[in-house]
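A.B. asks: Here is my input, please return the structure:
(chains A and B)
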Amino acid sequence: MTGVGKGDDVKPSRLPRVRLSVLRGLRRGRDSRPEEAARHRSVSSMGSAAAGAPSAGMPSTAPPRAVPERGIVPTTGAIPRQSIATPPAGATARSTVGEPVVAAGVEDSRDATWRRLRRMGKPRMSRSNVLATALTLCLGFAIATQIQQTQETGLASLRQDELVRVLDDVNQRSSRLDQQVRELEAQRDVLTSGANTAAEAATQAQKRLDQLSILAGTAPARGPGIALTISDPGGAVHGPVLLDVLQELRDAGAEVVQVGAVRVVAGSFFTDAGSSVTLDGQPLSRPYVFLAIGDPKTMASAMQIPGGIVDTARRLGANAVVEERRIVEITALHTPKTPRYAQPVPDAGTPGGSS
Amino acid sequence: MIPALGLLVGVVIGLLLHPTVPLWLQPYLPIAVIAALDAVFGGVRAVLDGFFNDKVFVVSFLSNVLVAAFIVFLGDQLGVGSQLSTGVVVVLGIRIFSNVAAIRRHLFKA
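C.D. replies: The predicted structure follows:
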């Protein structure tokens, strides 16, 4: 009964165990099943007493006792001395306790296993133990070394096909990055050209603003031109004459005109107020001084042609003097009024054309 | 216990010293490590089986390492080094697994 229960428990691990010892070329003591069961009981019953423990696995010089019908390789079948010696003690201990043997077999073997582990865990300073420690130390060293070596050797340890694959990956990645670079460069070019366009547009807009400012009279202007001074001691010069002067100047290409201290713009008008003349509601004082920027010779000759302004003024008893100047400074400004009735027509094609 | 501590100490030393494997040893070290691991697991199993022997452990350890290295060397000489290395690793892996299974059966009865 005992042997059967114990054998069922031990059987699965028996064959590999034997093979292991064969592979190592050991001649090691193996006991038959009932004897081993007895030895387990004896070890467990004796606790961790060191008497039977260290020699339990020692190779025995006893002649091999083959037990072929138990499935044990004959060359390994040597019985340790201890297993022969201990069964009576174990048996008596077991009998005195009087527990059911079959039920206790599993527990005993497990306890024995852990006890063996604990026993082997105790430090023992034998020559072989030190040697084994040195070997395992070498093993740990080798493991760590090999792991680090494997991690360190990147491309050097790869085979050719792996290297080709890595190269392909790198090439693909490179081409991808190249394409990305091209896209980003194109984007950058678009952005920079857009910035240039914006700057150019700003320049154009500034030019247009300057032009419009000069036309609207909101900016001072400077340039070659003439100064026409009409002295009217008799007060014979009225608005229509001054309007004719202005028309003649414009006809001669005057770009900016100032009369007295008033800037002449598109909406300027002369009004006769008694003996004086007003321009845009501001009275003009005699003598009337016209400052015009344009081609000086053209304007001067336009003033002085027969039947022109100078001639007319002379006929009216006034005196008109034309003076060509290289620099005419027009500083009078016109304050534009917001139109009350006219509304600009939105037109996307002509930006800024509403003014 | 002391050999187990030795294993840990060896790993720590290897990590600290950061050694370089000599070129002539590079093909053999991985296989030798596997073989030594097999010997260590076999020793643990022998402990649990109750017939552990320090001398046997030392001898099996050394012989495992030497035989594994020799097989790799022979395979290199014959031109089948990688295949033979794979075979050795497979065999040693099977042995390690069976040893671990036995250890597990001993410790947990499962």
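A.B. asks: is stretch B:65-74 anywhere near chain A?
C.D. replies: No - judged by Cβ under 8 Å from any Cβ of the partner chain, stretch B:65-74 and chain A are separated, with a smallest distance of 8.8 Å. Using the backbone N, CA and C atoms, a C-beta is placed for each residue, glycine as well.
A.B. asks: residues making contact with that stretch?
C.D. replies: B:27-28, B:31-32, B:34-36, B:39, B:81, B:84-85, B:88, B:92 (Cβ atoms under 8 Å, 6 or more residues apart in numbering or on different chains).
A.B. asks: I'd like these laid out as a markdown table, including distance to chain A, neighbour count and secondary structure.
C.D. replies: Below are those laid out as a markdown table (distance: Cβ to the nearest Cβ, whole Å; neighbours: other Cβ atoms under 10 Å in any protein chain shown; DSSP: H, G, I helix; E, B strand; the rest coil):
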| residue | distance to chain A | neighbour count | secondary structure |
| --- | --- | --- | --- |
| B:Pro27 | 10 | 18 | coil |
| B:Tyr28 | 10 | 21 | coil |
| B:Ile31 | 10 | 24 | helix |
| B:Ala32 | 7 | 22 | helix |
| B:Ile34 | 10 | 23 | helix |
| B:Ala35 | 10 | 30 | helix |
| B:Ala36 | 4 | 25 | helix |
| B:Ala39 | 8 | 30 | helix |
| B:Gly81 | 12 | 16 | helix |
| B:Leu84 | 16 | 18 | helix |
| B:Ser85 | 13 | 20 | helix |
| B:Val88 | 13 | 20 | helix |
| B:Leu92 | 11 | 21 | helix |
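A.B. asks: how many other residues sit next to A:Thr203?
C.D. replies: A:Thr203 has 10 neighbours, counted by other Cβ atoms under 10 Å in any protein chain shown.
A.B. asks: where does it land in three-state SS?
C.D. replies: Following DSSP: H, G, I helix; E, B strand; the rest coil, we place A:Thr203 in the helix state.
A.B. asks: In contact with A:Ile309: list those residues for me.
C.D. replies: Contacts for A:Ile309 were tallied using Cβ under 8 Å, 6+ apart; they are A:228, A:244-245, A:248, A:302-303, A:320.
A.B. asks: what's the most distant pair in the contacts of stretch B:65-74?
C.D. replies: Within the contacts of stretch B:65-74, B:Ala39 and B:Gly81 form the most distant pair, 22.4 Å apart (Cβ to Cβ).
A.B. asks: Could I get the full set of helices for the stretch 51-200 of chain A?
C.D. replies: Assigned by DSSP state H, counting those that start in this stretch, the helices in the stretch 51-200 of chain A fall at A:81-85, A:87-97, A:101-121, A:127-152, A:160-216.
A.B. asks: May I see these organised as JSON lines, with mean pLDDT and distance to chain B added?
C.D. replies: JSON lines is the format used below for the helices of the stretch 51-200 of chain A (pLDDT from 0 to 100; distance: least, Cβ to the nearest Cβ, whole Å):
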{"stretch": "helix A:81-85", "mean pLDDT": "39", "distance to chain B": "9"}
{"stretch": "helix A:87-97", "mean pLDDT": "39", "distance to chain B": "14"}
{"stretch": "helix A:101-121", "mean pLDDT": "63", "distance to chain B": "4"}
{"stretch": "helix A:127-152", "mean pLDDT": "81", "distance to chain B": "2"}
{"stretch": "helix A:160-216", "mean pLDDT": "86", "distance to chain B": "13"}
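A.B. asks: so which of those gets nearest B:Asn53?
C.D. replies: Nearest to B:Asn53, of these and by Cβ to Cβ, is helix A:127-152 at 7.7 Å.
A.B. asks: I would like the residues contacting stretch A:182-200, please.
C.D. replies: Contact with stretch A:182-200 is made by no outside residue, as judged by Cβ under 8 Å, 6+ apart.
A.B. asks: Flag the shaky bits of chain B, pLDDT-wise.
C.D. replies: Per-residue confidence for chain B (pLDDT under 70) gives these ranges: B:1.
A.B. asks: for it, which residue is closest to the average position?
C.D. replies: B:Ala36 (1.9 Å; Cα atoms, centre = their mean).
A.B. asks: Verify the stated contact: it with A:Leu135.
C.D. replies: Yes - judged on Cβ atoms under 8 Å, B:Ala36 makes contact with A:Leu135 at a distance of 7.4 Å.
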